[in-house]
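Engineer: all I have is the shape, not the residue letters:
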C-alpha cells in the first residue's frame, strides 16, 4: 500500500494533469457546467415567475368580473321594477287596480298537501363469483368505454 502511494506521482494520469492543455480543458469543462447550471436555474425561476404572473392576471380578471357584476346589481337596484318588488314584499303594497289579500300563515298551511317522504333506496352489492382482478379489469373497461354496469 505504501508503495502505491509513493508511486502515485509516476502514474500516467498524474503526468497528464501536469499538461497545461489538459488543465485548460478541465477548467473549460467546469465553466461550461457552471454556466449550464446557471442557465437551467434561470429558466426554472422564469417559469415560476410566469406562473405567478398568470395566476395574478386570472385573479385580476376574476375581480374585474366581480366588479362588473356588482355594477349590474347596483343598476338593477335603481330600477323601478326592483323598487316595486321590494315595496310589495316589505310593505305589502299593491299596484293601482290590484287588490291585496293577506292570508294568515296557519290558514294557508292548512290547505296545503303533504308531500310523501321519499325513502332512500339502499343498494346492496351482489357478491360475484369472479376474482377481484377480473372484476377490477371489467370495471376499468366499462369506465374507459362509457358502458353502464351490467344489470344484476
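Structural biologist: Perfect, I can see it now. None of the values given here were measured: they were computed from a predicted structure.
Engineer: what about residue 22, how many neighbours?
Structural biologist: 13 (other Cβ atoms under 10 Å). (Glycine included, C-beta is placed from N, CA and C.)
Engineer: center of this structure - which residue?
Structural biologist: residue 55 (12.0 Å; Cα atoms, centre = their mean).
Engineer: what separation do you get for it and residue 35?
Structural biologist: 31 Å (Cβ to Cβ, to the nearest Å).
Engineer: how about residue 91?
Structural biologist: From residue 91 to residue 35 the distance is 78 Å (Cβ to Cβ).
Engineer: and residue 33, what element?
Structural biologist: helix 20-77 (DSSP states H and E).
Engineer: count of neighbours near residue 87?
Structural biologist: 13.
Engineer: contacts only, for it.
Structural biologist: residue 93 (Cβ atoms under 8 Å, 6 or more residues apart in numbering).
Engineer: is it part of a helix or strand, or is it coil?
Structural biologist: Classification of residue 87 by DSSP: H, G, I helix; E, B strand; the rest coil places it in helix.
Engineer: next one, pLDDT for it please.
Structural biologist: Note on residue 87: pLDDT of 86.
Engineer: same question, residue 148
Structural biologist: As predicted, residue 148 sits at a pLDDT of 76.
Engineer: any idea how far residue 88 lies from residue 109?
Structural biologist: In terms of Cβ to Cβ, residue 88 sits 21 Å off from residue 109.
Engineer: who has more neighbours, the two?
Structural biologist: Neighbour count, other Cβ under 10 Å: between residue 88 and residue 109, residue 88 has more, with 14 against 9.
Engineer: could you find the closest non-adjacent residue to that one?
Structural biologist: residue 94 (6.9 Å; Cβ to Cβ, 6 or more residues apart in numbering).
Engineer: so how far is residue 85 from that neighbour?
Structural biologist: Taking Cβ to Cβ, one finds residue 94 at 12 Å from residue 85.
Engineer: fine by me, we can end here.
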